[in-house]
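Undergrad: no sequence on this one, just coordinates:
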């Protein structure tokens, strides 16, 4: 099942990126498909496909490099780097997809411009590091 789910997701991504064929993509989505964005908004199948169609003119020629394609039971994770055409920004995208009965039923998507990554993880770099315990903690000779 895991291999089949990866193939379904790979076919959906290739259909969209290679040909922009939204109707063929729609055939790979369940009728109760839900798309989740990181801002907590959701879209139905019809709403999301309308957004995809509207975005095609801006994304035609987009380069997509799949970094990871991982599957576990009904979930498939796609980690990709994408470059919009012309001078568009490089994007890092993580999609978590749920597959049921041979169709994609849900997608959770996180998109971040690669140029913003350092600023968006500043909190991590400045987080206080835990202090060592035991002998390693005694640095003043005590």
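TA: That came through fine. Being a predicted model, the structure only gives us computed values, none of them experimental.

Undergrad: drop to CA atoms for contacts and neighbour counts, all remaining ones
TA: Will do.

Undergrad: where exactly do the helices run in this protein?
TA: Secondary structure of the chain (DSSP state H): helices at 2-14, 22-26, 45-59, 117-120, 122-125.

Undergrad: Distance to residue 101 and mean neighbour count added to those, as JSON lines?
TA: Listed next are these as JSON lines, based on distance: least, Cα to Cα, whole Å; neighbours: other Cα atoms under 10 Å:
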{"stretch": "helix 2-14", "distance to residue 101": "10", "mean neighbour count": "18"}
{"stretch": "helix 22-26", "distance to residue 101": "15", "mean neighbour count": "16"}
{"stretch": "helix 45-59", "distance to residue 101": "16", "mean neighbour count": "14"}
{"stretch": "helix 117-120", "distance to residue 101": "36", "mean neighbour count": "11"}
{"stretch": "helix 122-125", "distance to residue 101": "40", "mean neighbour count": "10"}
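
Undergrad: For residue 102, find the nearest of those.
TA: Distance to residue 102, taken as Cα to Cα, is lowest for helix 2-14 among the helices of the chain, at 7.2 Å.

Undergrad: I would like the residues contacting that closest one, please.
TA: Applying Cα atoms under 8 Å, 6 or more residues apart in numbering, the set of residues contacting helix 2-14 from outside is 25, 28, 69-76, 97, 99, 102-104.

Undergrad: which non-adjacent residue is nearest residue 26?
TA: residue 49 (7.2 Å; Cα to Cα, 6 or more residues apart in numbering).

Undergrad: The one you found is in contact with residue 22, isn't it?
TA: Yes: in this structure, residue 49 sits in contact with residue 22. The criterion is Cα atoms under 8 Å, and the distance is 7.0 Å.

Undergrad: ok, back up a step: out of the helices of the chain, the one nearest residue 34 is which?
TA: helix 45-59 (6.2 Å).

Undergrad: So what's the residue count around residue 39?
TA: Residue 39 is flanked by 8 other residues according to other Cα atoms under 10 Å.

Undergrad: now do residue 38
TA: When neighbours are counted by other Cα under 10 Å, residue 38 registers 10.
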